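Visitor: this is a predicted model, with the sequence first.
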Amino acid sequence: MAVLKVVDRDGVEHEVESQTGLKVMEVLRELDYGVAAICGGMCSCATCHVYVDPEWASRLPAPMSDEKDLLTELSHYEARSRLSCQIDFTPAVDGLKVTIAPDE
Ligand code: FES
């Protein structure tokens with residue numbers, strides 16, 4: 001189990017405890033205030049877009065080129081944008097904080 005801190009689209013911060021071994025998206029899509037994740041993690045829809053907390057941004061593996069390509073097409077893209085389906089939810093990221101990006 002590990003904790004994921006989630007800031008929803010209303011700016012409210014939540015702490016979610018979930019099993020590890022999932023993608024961050026899989027944790028978020030179970031939440032009422034979470035993400036749609038329409039493509040199911042195939043890196044093609046960007047409905048799992050989040051902003052990683054600055055403290056964590058450099059601690060995650062860098063995005064692969066297909067993730068980066070999709071992110072940079074988004075109107076709400078920022079330097080710390082990530083697709084949550086491409087982030088492993090492991091014990092190493094216990095306490096990771098993400099903010100759910102606005103709908104496109
Ligand atoms: S769930 Fe579709 S890109 Fe992440």
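Guide: That came through fine. Numbering: from 1, shown residues only.
Visitor: which stretch of helix or strand covers Trp56?
Guide: helix 54-57 (DSSP states H and E).
Visitor: so which elements touch that helix?
Guide: Counting contacts by 3 or more Cβ pairs under 8 Å, 6 or more residues apart in numbering; DSSP states H and E, helix 54-57 is packed against strand 96-100. (Each C-beta comes from the backbone N, C-alpha and C, glycine too.)
Visitor: let's see the strand it packs on as CSV, backbone CA atoms only.
Guide: Extracted in CSV, the C-alpha atoms of strand 96-100 (Å, rounded to 0.1, in the frame of the first residue of the first chain):
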residue,chain,number,x,y,z
LEU,A,96,3.4,11.3,-4.7
LYS,A,97,1.2,14.4,-5.2
VAL,A,98,-0.6,15.1,-8.5
THR,A,99,-3.1,17.7,-9.6
ILE,A,100,-5.8,16.6,-12.0
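Visitor: now the nearest residue to Leu22 once chain neighbours are set aside: how far from Pro102?
Guide: Counting by Cβ to Cβ, 6 or more residues apart in numbering, Leu22 lies nearest to Phe89, which is 4.8 Å off, once chain neighbours are set aside. According to Cβ to Cβ, to the nearest Å, Phe89 stands 23 Å off from Pro102.
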